[in-house]
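Enquirer: Below are the sequence and a predicted model; questions follow.
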Amino acid sequence: EAGVVQSPRYKIIEKKQPVAFWCNPISGHNTLYWYLQNLGQGPELLIRYENEEAVDDSQLPKDRFSAERLKGVDSTLKIQPAELGDSAVYLCASSYGGGELFFGEGSRLTVL
Amino acid sequence: KQEVTQIPAALSVPEGENLVLNCSFTDSAIYNLQWFRQDPGKGLTSLLLIQSSQREQTSGRLNASLDKSSGRSTLYIAASQPGDSATYLCAVRADYKLSFGAGTTVTVRA
C-alpha cells in the first residue's frame, strides 16, 4: 500500500514568488495535516482537514498561506508571496480519525 | 497548552548498548502517544503508537512505555546498531491536537 506522497521534494524560489505543494494521503485516511518543520525542531501544525473541511487552521498565516482539499482526498498548500522566513520543510501527514499518524517525505523549500 | 520535552537533545553510544530515550509532557489528559524516527532530509516514520489505556507497546527491538500520571514515556531500543542512528521524536495527542517534542538525535558508533 502506498504511503503519503508529496511533491515536489525540493523547491528553490526567489522571495515574493509563489509556490505550491501537493499531497496525496493514504487511501481511506479522512484526516489530513500540513506541518512546518524548521531545522532541529519538531513539526508545527499549519492546518488539519477532516475530509474536505478545514477544522483547525488557527496556525496558518492566512495573509500569504492558503490550502485546499478538494473531494476530501488530495491537498494543496500554497504560499504567495514567499518570504525568506518561509524556508523550511513542509510535511503532509494523514490518519484515520485520531489514529496512527503517517507522514510523507516532505517538501523542502528554500527562499532566496 | 501541552508542552513536550525530550532530553537529552543528542546521545552517542557504542554499538550493542541499549538506548533509553525520554519524553515528558505537561498535561496527562492524552488520547495517545506516538514515537517517530526521522532520518536526515526525510519525513517522519512511525515506530510505535501507545493508546492512553496502555502501559507499553513492543515491536521487535523497540519497547515504549507510558506513565500518564507522571507525564512520561520512554522508548527503549535493545542492542543498538549503527542503522539506528537518527532523530527520534515523540508526539502526544489530546483532542485531535498533536504536540511534538524537538527530538533526540542518536548516534550509534560502530
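Expert: Happy to help now that I have it.

Enquirer: going forward, measure contacts between C-alpha atoms and count neighbours the same way
Expert: Noted.

Enquirer: neighbours of A:Pro25, just the number please.
Expert: Applying the criterion other C-alpha atoms under 10 Å in any protein chain shown, we find 27 residues in the vicinity of A:Pro25.

Enquirer: got it, and A:Gln59?
Expert: The burial metric for A:Gln59, expressed as a neighbour count using other C-alpha under 10 Å, is 12.

Enquirer: So B:Leu33, which state does it fall into?
Expert: The three-state label given to B:Leu33 by DSSP: H, G, I helix; E, B strand; the rest coil is strand.

Enquirer: Spell out which helix or strand contains the closest residue to it other than its chain neighbours, please.
Expert: With C-alpha to C-alpha, 6 or more residues apart in numbering or on different chains as the criterion, B:Leu33 has its nearest non-adjacent residue at 4.5 Å, and that residue is B:Val92. Counting by DSSP states H and E, the secondary-structure element that holds B:Val92 is strand B:86-94.

Enquirer: swap in B:Ser46?
Expert: Taking DSSP H and E as the criterion, the element that holds B:Ser46 is strand B:44-51.

Enquirer: for A:Val55, same thing?
Expert: strand A:53-56.

Enquirer: What is the helix or strand that that strand is followed by packed up against?
Expert: Beyond strand A:53-56 in the direction of the C-terminus, DSSP H and E gives the next helix or strand as strand A:65-68. For strand A:65-68, the helices and strands in contact under the criterion 3 or more C-alpha pairs under 8 Å, 6 or more residues apart in numbering or on different chains; DSSP states H and E are strand A:75-79.

Enquirer: Which element is encountered next along the chain beyond the strand it packs on?
Expert: Helices and strands here follow DSSP H and E; after strand A:75-79, the next one along the chain is strand A:88-95.
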